[in-house]
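Asks: Take this sequence and fold it.
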Amino acid sequence: MVIDRSNIYVVIPALNEALRIRGVVEAALRECPNVIVVDDGSDDGTGDRVADLPVTVLRHAQRMGKGAGLRDGFAEALRRGARGVITMDGDGQHDAADIPRLIAAANAYPDHIVIGARLRKRASQPAYRRLANEFGDWGISWGCGFLVADTQSGQRFYPASVAALRDVPGEDFVFEAQILITAARRLGVRCVSVPIESRYQGAEPEGPQFRKSHFRPLRDLYRITSHVVKQVWSYGNVVREYRITRAHPPVIHDPSGEFGTVFDAPRMPRAG
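Replies: Below you'll find the model as predicted:
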C-alpha cells in the first residue's frame, strides 16, 4: 500500500511547549490533515494553545515521560486506522516541511523506519551534543545489528507494524532507542535515514529560537547506553554482534545525491 498524507498520522509529544506548539501543529497540518498532540502533564497551557485547531489532543494528568506519550499517540493513531506514524517534537526543532521527504523514503523503502537524520549543517550542533549523538549511534546501532545514522533524532516515520509493537521496554528517551532495537530484533525491520538540517538554540542569530532541550546528554545517554549494553551482552557473543553491525552500513535516502545512498558513518572503536 502506498503511504501518503491521507493514511498516516503525525504524533507530537509535548511537555510545556506553549511557546512554540501552535506553530509546530499548524505547520504539521499543512503537510498532513491527521495530527495528534500528546500533552504530557504540561502546566503552561500547552494543550490549550491548540485546542481550537482540527487536531486530537490527548492529555496526561501528570508527567509520564516521552515514551508514554509516544505509546499513547501510536495507540490512538492505530485506532483511527493509520498505516504509519510520523513523530515530531513540540519545541519546533523539527521542520514539518520535511514530512513529504520522510513519506517518499517510506515508499522507497517499504516496512522501514525512516529517520530524519541531522546530517545537514552539523557544524551548528553544539560539540557536546555532536559527540553524545555519535556515541549513542555507536551503542544503539550495536543493539540493532546494523549501523544507523542519527539514532536519537525524534523526527521519524514508523510503519504501523512497528507502532503496534507491545512490551517495548524503556521510558523517556530510552524508549526511542529501544523501539529501533525491538523492531530490528523482533520484526527484522531496518532503518533508512533522510538528511535534515540541525537546528539548535542560538545556532543562527536570525533563525528560529528554541527552548533548552529536555534531553540531558550525560544523564540520558547513560540511561540509554546502560540499557543497550545489557541487551548486547545478552546476545551472547558481543564481538560477533559488533562485526555483524559493522558489516551493515547506514542507508541514506537522498535523491539530491549530496550524501549518496550509503553514508560513511564515523568509524566506531574496534572490538577486541
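
Asks: any weak-confidence spans in this structure?
Replies: Within the chain, the stretches with pLDDT under 70 are 121-126, 128-129, 199-222, 260-272.

Asks: mind listing the helices for it?
Replies: Applying DSSP state H to the chain gives helices spanning 21-31, 66-79, 99-108, 127-144, 160-163, 172-182, 217-234, 238-246.

Asks: Ok, which of those comes nearest H253?
Replies: Nearest to H253, of all the helices of the chain, is helix 99-108, at 4.0 Å by C-beta to C-beta. Bear in mind the C-beta positions are built from the backbone N, C-alpha and C, glycine included.

Asks: any idea of the angle that closest one forms with helix 21-31?
Replies: Taking axes from the mean of the first three to the mean of the last three C-alpha atoms, to 10 degrees, one finds helix 99-108 and helix 21-31 inclined to each other by 50 degrees.

Asks: Could I get the phi/psi values of I3?
Replies: The phi and psi values for I3, taken as degrees, to the nearest 10, are phi -90, psi 130.

Asks: Disregarding flanking residues, what is the spatial nearest neighbour of it?
Replies: Leaving out its chain neighbours, the residue that sits closest to I3 by C-beta to C-beta, 6 or more residues apart in numbering is A106, at 4.7 Å.

Asks: do the same with G41
Replies: Computed as C-beta to C-beta, 6+ apart, the closest residue to G41 that is not its neighbour in sequence is R63, at 3.8 Å.

Asks: and the one you found, what does it touch?
Replies: L15, D40, G41 (C-beta atoms under 8 Å, 6 or more residues apart in numbering).

Asks: Of these, which is the nearest to W138?
Replies: Taking C-beta to C-beta as the measure, W138 lies nearest L15 of these, at 28.0 Å.

Asks: Identify the residues contacting that closest one.
Replies: Here L15 is in contact with D39, D40, G41, S42, T46, R63, K66, G69, G90, H214 (C-beta under 8 Å, 6+ apart).

Asks: Quick check: it vs P169, distance?
Replies: Remark: distance between L15 and P169 (C-beta to C-beta, to the nearest Å) = 21 Å.

Asks: residues near M64, how many?
Replies: Taking other C-beta atoms under 10 Å as the criterion, the count of residues near M64 is 18.

Asks: Adjust the sequence numbering to begin at 524 for everything that follows.
Replies: Understood, numbering begins at 524; the last thing we discussed is M587.

Asks: Next, give phi and psi for it.
Replies: Dihedral angles for M587 - degrees, to the nearest 10 - are phi -120, psi -10.

Asks: so how far is P682 from it?
Replies: Distance from M587 to P682, by C-beta to C-beta: 25 Å.

Asks: Show me the residue sitting in the middle of the chain in space.
Replies: G677 (2.7 Å; C-alpha atoms, centre = their mean).

Asks: Contacts only, for that residue.
Replies: T610, M611, D612, H617, E699.

Asks: mind running it again at 6 Å?
Replies: D612 (C-beta atoms under 6 Å, 6 or more residues apart in numbering).

Asks: And it, how far from V578?
Replies: G677 is 18 Å from V578, where distance means C-beta to C-beta.

Asks: cool, and Y765?
Replies: On the measure of C-beta to C-beta, Y765 and V578 end up 43 Å apart.

Asks: ok, now S716?
Replies: Distance, S716 to V578, using C-beta to C-beta: 27 Å.

Asks: Which of the two has more residues huddled nearby?
Replies: S716 (28 against 18).

Asks: I am finished for the moment; much appreciated.
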